[in-house]
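A.B. asks: Fold the following.
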Amino acid sequence: MNNKLLRVGTTYIPVSNVELSSEWYKNKLGAELSYKDEDKAILNFANQSLFLVRAKDGQSSNFLDIHGEERFSMTFEVNGLDALETIHKDFLEKEIKVGGIENRGHAGRNFVFYDPDGNKFDVWSELSPKFLHLV
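C.D. replies: Okay, the predicted model is just below:
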């Protein structure tokens, strides 16, 4: 028996309006809705489940680092710089709030984007080797 954590199965994201947010994730990001009620929605996206949980006003998954910089709690991966540039352009066309493509001094490039509640996410151009067979 292998007693180690194997993957992240579910990520919980605070939202102010479950209906609005679940439609945004479906229409803008291509997530698949598997359950929804007035307090939560379960979406399948990027090889995991996203739980959109109705939260008190002003909540987000973002946090401030030691230098006061707002950070994201999750990075999505794509397969290469061309894929990163394509999805960045697609997000702009879908009127998703996005930052510019950045060189952060490590392998690959990144950009950030935000959902309607201001939850900040990252996209990285380097796909983990374990997932290369999926593309």
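A.B. asks: Please work out which residues outside stretch 25-43 touch it.
C.D. replies: The contact list for stretch 25-43 (C-beta atoms under 8 Å, 6 or more residues apart in numbering) reads 18-19, 21-22, 44-45, 49-54, 91, 94, 96, 115. All C-beta atoms are positioned from the backbone trio N, CA, C, and that covers glycine.
A.B. asks: Identify those among those that sit within strands.
C.D. replies: The strands, defined by DSSP state E, take in 44-45, 49-54 from the contacts of stretch 25-43.
A.B. asks: Just the buried residues out of those residues, in ChimeraX syntax.
C.D. replies: Buried members of the ones in strands among the contacts of stretch 25-43, defined by 16 or more other C-beta atoms under 10 Å, are picked up in ChimeraX with:
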select :45,49,50,52,54
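A.B. asks: Any chance of JSON lines for the ones in strands among the contacts of stretch 25-43, columns distance to Asp37 and pLDDT?
C.D. replies: JSON lines is the format used below for the ones in strands among the contacts of stretch 25-43 (distance: C-beta to C-beta, whole Å; pLDDT from 0 to 100):
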{"residue": "Asn44", "distance to Asp37": "17", "pLDDT": "96"}
{"residue": "Phe45", "distance to Asp37": "19", "pLDDT": "91"}
{"residue": "Ser49", "distance to Asp37": "15", "pLDDT": "95"}
{"residue": "Leu50", "distance to Asp37": "15", "pLDDT": "96"}
{"residue": "Phe51", "distance to Asp37": "12", "pLDDT": "97"}
{"residue": "Leu52", "distance to Asp37": "11", "pLDDT": "98"}
{"residue": "Val53", "distance to Asp37": "11", "pLDDT": "98"}
{"residue": "Arg54", "distance to Asp37": "9", "pLDDT": "98"}
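A.B. asks: how many other residues sit next to Phe121?
C.D. replies: When neighbours are defined as other C-beta atoms under 10 Å, Phe121 has 19 of them.
A.B. asks: ok, it to Arg71 distance?
C.D. replies: As for Phe121, its distance to Arg71 is 11 Å (criterion: C-beta to C-beta, to the nearest Å).
A.B. asks: just to revisit the earlier point, quick check, nearest of the ones in strands among the contacts of stretch 25-43 to Ala83?
C.D. replies: The closest of the ones in strands among the contacts of stretch 25-43 to Ala83 turns out to be Phe45 (C-beta to C-beta; 16.4 Å).
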